[in-house]
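K.L.:
3D model of this:
(one chain, ligands or ions: 1)
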Amino acid sequence: MKVTTPYDVAIVGAGIAGSTTALLYAQKGLRVALIEKQRERGAYKRLCTHFLQPSAVPVLKKLGLYREVLETGGVHSTMRLRTRWGAFNVPHPGTARGINIRRALLDPLLRERAARHPMIDLYAGYKVTQLLTEKQEVIGFTMQDDEAEPQDIHATLTVAADGRHSSIAKLAGVPTVTQANERFSYYAYYRHLPRYPDNNTQVWLVGEGQAYVAAFPQNNDLTLVSCYVPEKQFHEWQGQAEARYQQFVADLDNGPPLGEGERVGELMGMRKAPSVYRRPTLPGLALVGDAALAIDPLAGIGCSWAMISATQLVNSTHRALHRHPTEAPVAGTALARALQGYRLRHNLYFWPQFWLLSRFSRAKRYHPITRGVLLAAVKLFGGAFDRQRGAALPETPPL
Ligand SMILES: Cc1cc2nc3c(=O)[nH]c(=O)nc-3n(C[C@H](O)[C@H](O)[C@H](O)COP(=O)(O)OP(=O)(O)OC[C@H]3O[C@@H](n4cnc5c(N)ncnc54)[C@H](O)[C@@H]3O)c2cc1C
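P.N.:
Take a look at the predicted model:
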């Protein structure tokens with residue numbers, strides 16, 4: 001068995017959460033091992049609607065990647081919500097905008113930047129298969145690629161950034177809360193669809209919020225159009241998803257005119273994507289990104305949360321990690337306290353949002369409070385936005 005010199009931090013998964021965590025720790029001068037089971041540096045998550053919320057922008061700036069993201073193909077975009085009472089932009093103009101950046105561009109950009117950092121060793125093509133523990137504390141893991149013998153990695157802190165189905169969480173027996181998702185979804189790309197004002201992302205809240213449709217503008221004149229439909233309609237869509245998808249979009253008020261664009265690729269479907277909340281720490285182990293909290297894809301927020309949880313973890317623990325000689329047992333030490341701090345921050349920031357958003361996944365009529373908030377937003381922001389621009393925004397896509 002090959003064993004490497006111990007690292008300060010060993011991260012499983014080099015997606016958005018893992019690469020961001022690695023880069024932020026490396027910026028603090030800590031030595032990081034970053035393990036990714038996919039061998040190709042250009043690997044990326046295929047099923048995503050690619051919207052980065054404004055809350056991700058400060059993290060991109062901290063990583064020194066903001067300009068590069070825009071130069072590589074990121075499109076500034078604000079989300080425009082279209083309710084049955086009117087439309088408004090989120091956030092209100094004047095605050096930062098989000099960015100639509102395809103994962104084919106974002107994931108490799110982050111991973112490549114991590115691979116080039118002198119404090120980070122990227123092990124691509126290795127799958128973590130087992131956790132190493134001592135006195136009920138995680139002290140590292142065993143990883144394996146197709147050809148080589150298993151290899152042990154020891155670290156003061158192990159980080160699970162291995163996504164929604166986190167095998168690390170399962171191996172460690174992390175307590176988990178799951179909320180069902182009562183919608184299924186379909187996604188397709190179109191080229192040359194007419195764009196909406198300011199390249200904004202459009203979201204239609206169909207009926208009383210039981211169903212949703214969204215159009216996400218991307219670079220290269222691509223638009224991703226997604227539908228989220230109540231689960232109880234699944235049998236009607238079965239075997240005729242393509243026709244149903246086209247009709248669903250055509251029935252929208254001022255929806256994207258799919259017939260005017262050129263379809264790129266297959267219709268992709270997804271079903272049974274529950275919201276999952278895991279306890280974000282155990283002794284010697286922290287979870288970030290989807291491994292800690294995977295929310296309904298409808299929210300278009302998981303990538304930004306991956307970056308925020310990475311930031312929370314690094315801010316909470318980097319000082320304690322500097323104080324530790326890498327071999328030392330850590331229970332009851334500064335690091336254990338720092339991990340408690342991360343857990344608290346994570347719970348305070350994410351738990352209320354998890355609670356709220358996972359209720360939207362039930363595909364029920366709006367709660368009276370939600371209805372009130374939407375009505376108020378239409379009244380306050382819808383009007384203000386249009387006035388601020390000097391004219392009412394056209395509700396039809398401009399040609
Ligand atoms: C249909 C859909 C649409 C979405 N749309 C949006 C959106 O518009 N905006 C948004 O912000 N979010 C969106 N999301 C959510 C977003 O995709 C996730 O929140 C985000 O990918 C989480 O990043 P992550 O790094 O935590 O996990 P992942 O992206 O899943 O990365 C995990 C990484 O770990 C690696 N890995 C896994 N197991 C191991 C192992 N044992 N050993 C080594 N490596 C391993 C994987 O190969 C992968 O690279 C969407 C999700 C879906 C399903």
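K.L.:
Burial check on the residue of the stretch 201-350 of the chain found nearest the ligand, number of neighbours?
P.N.:
Closest approach between the stretch 201-350 of the chain and the ligand, counting by C-beta to the nearest ligand atom: residue 302, at 1.9 Å. Yep, even glycine has a C-beta here, placed from its N, CA and C like the rest. Residues near residue 302, counting by other C-beta atoms under 10 Å, number 24.
K.L.:
Next up, the contacts around it.
P.N.:
By C-beta atoms under 8 Å, 6 or more residues apart in numbering, the contact list for residue 302 reads 289, 290, 294, 295.
K.L.:
run the last query once more with 10 Å
P.N.:
16-17, 45, 48-49, 51, 53, 163-164, 289-290, 293-296 (C-beta atoms under 10 Å, 6 or more residues apart in numbering).
K.L.:
cool, residue 222 as well?
P.N.:
Contacts of residue 222 by C-beta under 10 Å, 6+ apart are 50, 73, 75, 100, 102, 189-193, 216, 261-262, 264-265.
K.L.:
so residue 114 touches residue 27, yeah?
P.N.:
No: applying C-beta atoms under 10 Å, one finds residue 114 not in contact with residue 27, separated by 11.1 Å.
K.L.:
can you give me the helices for the chain?
P.N.:
Using DSSP state H, the helices of the chain run over residues 16-27, 57-62, 66-72, 103-116, 167-172, 234-237, 241-250, 302-323, 334-360, 368-377, 383-388.
K.L.:
packing partners for the longest one?
P.N.:
Contacts defined by 3 or more C-beta pairs under 10 Å, 6 or more residues apart in numbering; DSSP states H and E place helix 334-360 against strand 151-160, strand 176-179, strand 275-278, strand 281-282, strand 285-287, strand 293-294, helix 302-323, helix 368-377.
K.L.:
what about the first one, distance to the chain center?
P.N.:
The one in question is strand 151-160. 24 Å (C-alpha atoms, centre = their mean, to the nearest Å).
K.L.:
Kindly report the residues of the stretch 151-300 of the chain close to the ligand.
P.N.:
161, 162, 163, 167, 270, 273, 289, 290, 291, 297, 300 (C-beta under 6 Å from any ligand atom).
K.L.:
Now the fourth one. Nearest residue, chain neighbours left out?
P.N.:
So that's residue 167. Nearest residue to residue 167 in three dimensions, chain neighbours excluded: residue 128, at 7.3 Å (C-beta to C-beta, 6 or more residues apart in numbering).
K.L.:
and the helices and strands packed on helix 334-360 as TSV, adding distance to residue 343 and mean pLDDT?
P.N.:
Below are these laid out as TSV (distance: least, C-beta to C-beta, whole Å; pLDDT from 0 to 100):
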stretch	distance to residue 343	mean pLDDT
strand 151-160	13	96
strand 176-179	14	96
strand 275-278	11	97
strand 281-282	5	98
strand 285-287	8	98
strand 293-294	12	98
helix 302-323	9	96
helix 368-377	29	88
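K.L.:
picking up where we left off before, pick out whichever of the residues of the stretch 151-300 of the chain next to the ligand sits closest to residue 253.
P.N.:
Of all these, residue 253 sits closest to residue 300, with 20.8 Å by C-beta to C-beta.
K.L.:
Convert the C-alpha atoms of stretch 170-190 to PDB, please.
P.N.:
Extracted C-alpha coordinates of stretch 170-190, given in PDB (Å, rounded to 0.1, in the frame of the first residue of the first chain):
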ATOM      1  CA  LYS A 170     -22.600   7.000   3.500                       C
ATOM      2  CA  LEU A 171     -19.300   5.500   4.600                       C
ATOM      3  CA  ALA A 172     -19.200   7.900   7.600                       C
ATOM      4  CA  GLY A 173     -22.900   7.300   8.500                       C
ATOM      5  CA  VAL A 174     -23.700  11.100   8.400                       C
ATOM      6  CA  PRO A 175     -27.200  11.800   9.700                       C
ATOM      7  CA  THR A 176     -29.400  12.900   6.700                       C
ATOM      8  CA  VAL A 177     -32.800  14.500   6.200                       C
ATOM      9  CA  THR A 178     -34.600  13.900   2.900                       C
ATOM     10  CA  GLN A 179     -37.600  15.800   1.500                       C
ATOM     11  CA  ALA A 180     -39.400  14.300  -1.600                       C
ATOM     12  CA  ASN A 181     -39.600  16.300  -4.900                       C
ATOM     13  CA  GLU A 182     -43.100  16.100  -6.300                       C
ATOM     14  CA  ARG A 183     -42.000  17.300  -9.800                       C
ATOM     15  CA  PHE A 184     -40.200  15.800 -12.700                       C
ATOM     16  CA  SER A 185     -38.300  17.900 -15.200                       C
ATOM     17  CA  TYR A 186     -37.200  18.100 -18.900                       C
ATOM     18  CA  TYR A 187     -34.400  20.200 -20.400                       C
ATOM     19  CA  ALA A 188     -33.400  21.000 -24.000                       C
ATOM     20  CA  TYR A 189     -31.000  23.500 -25.700                       C
ATOM     21  CA  TYR A 190     -31.900  25.800 -28.500                       C
END
